[in-house]
Every structure is written in C-alpha cells, then in structure tokens.
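Chemist: can't give you the sequence, but here's the structure:
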C-alpha cells in the first residue's frame, strides 16, 4: 500500500499547522503542496495552495499584507477559471478580511459582500455566518446583510 503524499495531504497538514499557530510549518506544507501540484498539473490543488499561502501571510505577526493579497488574488483568478466557486468565495472572504484589517473598508465590504452572496447561493451556512460577521461592523450593523 502506497502512502498518499499528494498535494491534498500537504494542504490538510498545512491547514492543521496554521490552526495550531505554527505558521512556519504551515508555510512549508503549503509550498510543498504548491510545488507538487505544479509538477502534477493539478490546477485545483495549486489554487488551494495559493489560498492557503494567503491565509498564512495574513495571520503572520506582523501580517505580510502584500504577499497575502497576491496569493488570494492568484487563488481567486485560478478558482474562477476552473469554476471552483467555493474556493472563489473563500478567496473573496480572505481578501475582505485582509482589507478590513488594513482599514480599506470599501474594498473589504466589496469582497465580503461577494463572499456572502456566493456562500448564500451555495447554501454554505457556516461560511456565510463568517462572512456576515466580518461584514456587519463595516455596514454599521450587527444584522445580516441582504
């Protein structure tokens, strides 16, 4: 039996490292996933690795703003090209949260609104709540938009 060492395994491990507060380990796994996905021409996994790299950059201390934005935008472009709507929504959410933290409220509201709309259309309630929670303070309300 062969152990699966594909990009998906590296992505899941990277996400675990990020949740555990270990950004260096997360970065190592995300880069490994990205490189392997490129080698294997797994475009969807490559897009997922780019989004994870954006997440990692945003949650570093201090945040790596330019890197996070670049990775989220690359992930979004790839997700849209591949028709990966959940990943596109996650990329919009990441960009919205990033712009909220950098005090670019107009861009934050734009991306968070897109994310919330996409999550609502796909009936992704957990993620819709996250997007709406982030969007609420920007709209001056704690209620759900739309």
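Modeler: That came in fine, so what should we check first? Computed from a predicted structure; not experimentally measured. Residues are numbered from 1 along each chain as shown.
Chemist: Need the contact partners of stretch 97-108.
Modeler: Contacts to stretch 97-108, defined as Cβ atoms under 8 Å, 6 or more residues apart in numbering, come from residues 54, 58, 63, 65, 68-69, 72, 95-96, 111-112, 134, 138. Where C-beta positions appear, they are placed from N, C-alpha and C, glycine not excepted.
Chemist: just the buried members of these?
Modeler: 54, 58, 68-69, 72, 95-96, 111-112, 134, 138 (16 or more other Cβ atoms under 10 Å).
Chemist: ok, back up a step: any idea which of the contacts of stretch 97-108 is least confident?
Modeler: In terms of pLDDT, the lowest of the contacts of stretch 97-108 is residue 138, showing 84.
Chemist: any weak-confidence spans in the protein?
Modeler: In the predicted model of the chain, residues 1-5, 141-146 satisfy pLDDT under 70.
Chemist: can you give me the helices in it?
Modeler: For the chain, helices defined by DSSP state H occupy the ranges 7-19, 23-40, 43-59, 65-82, 85-101, 105-121, 125-139.
Chemist: Break this structure down into its structural domains.
Modeler: 1-70, 84-136 (automatic domain parsing).
Chemist: Figure out how far the first one is from the centre of its chain.
Modeler: I take that to be domain 1-70. Centroid displacement of domain 1-70 relative to its chain, using Cα atoms, centre = their mean, to the nearest Å, is 10 Å.
Chemist: Same check on stretch 95-113?
Modeler: 13 Å.
Chemist: Now do the end-to-end distance for that stretch.
Modeler: 11 Å (Cα to Cα, to the nearest Å).
Chemist: hang on, the earlier thing: quick one: closest of the domains of the chain to residue 78.
Modeler: Residue 78 lies closest to domain 1-70 among those, at 3.6 Å (Cβ to Cβ).
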